[in-house]
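Participant: build me a structure from this.
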Amino acid sequence: MNIAIKRVYEPPRSNDGLRVLVDRLWPRGLSKDAAQIDIWAKELAPSHELRRWFHSDEGNWAGFKTRYRKELSARRPDAEASARKSDAAKPPSSTPPKPRHTTTPSSSRPTSLGQSKSRRPHRHQNRSTST
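Facilitator: Here you go, the predicted structure:
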């Protein structure tokens, strides 16, 4: 099995295969549509303490790898249970996949650019009429 590491901000490509995000927080400024992530494995991300240590002056790559592997080993039963639960929630392979996102109109009546759904003045409009 080939595994490629890629920044989440790089555009998805057709040959990416299964896209897994391993981070506790969703990346800023990136929509779920644009990211096209198949699995968000929060439980596999390094702990906040380990990340802080790595970004401090004393952190180094070799030490990070050793500590991260220990964390993963300690969390292995939880991660395996989570993976089994995730697999059980997936539809059978013969079922066509659901679309990633669907949009529904917020109102059945079209609104022209000059109309506002709200009768309140907009923030940028002057609320007082006296001068």
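
Participant: give me the neighbour count for E71.
Facilitator: Residue neighbour count, defined by other C-beta atoms under 10 Å, stands at 15 for E71. Where C-beta positions appear, they are placed from N, C-alpha and C, glycine not excepted.

Participant: please, which helix or strand holds it?
Facilitator: The secondary structure element spanning E71 is helix 61-89 (assigned by DSSP states H and E).

Participant: pLDDT on that helix, on average?
Facilitator: Per-residue confidence for helix 61-89 averages out to 79 on the pLDDT scale.

Participant: the chain: helices as residue ranges?
Facilitator: 32-35, 48-55, 61-89 (DSSP state H).

Participant: can I get stretch 6-17 in CSV, CA atoms only?
Facilitator: Taking C-alpha atoms only, stretch 6-17 is exported to CSV below (Å, rounded to 0.1, in the frame of the first residue of the first chain):
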residue,chain,number,x,y,z
LYS,A,6,0.0,16.0,1.4
ARG,A,7,-0.9,19.4,2.9
VAL,A,8,-4.7,19.7,3.2
TYR,A,9,-4.6,23.1,1.5
GLU,A,10,-3.2,21.6,-1.7
PRO,A,11,-6.0,21.1,-4.2
PRO,A,12,-7.3,17.5,-4.5
ARG,A,13,-6.3,15.5,-7.5
SER,A,14,-8.1,12.6,-9.2
ASN,A,15,-5.3,10.2,-8.3
ASP,A,16,-5.2,11.1,-4.6
GLY,A,17,-7.1,8.0,-3.6
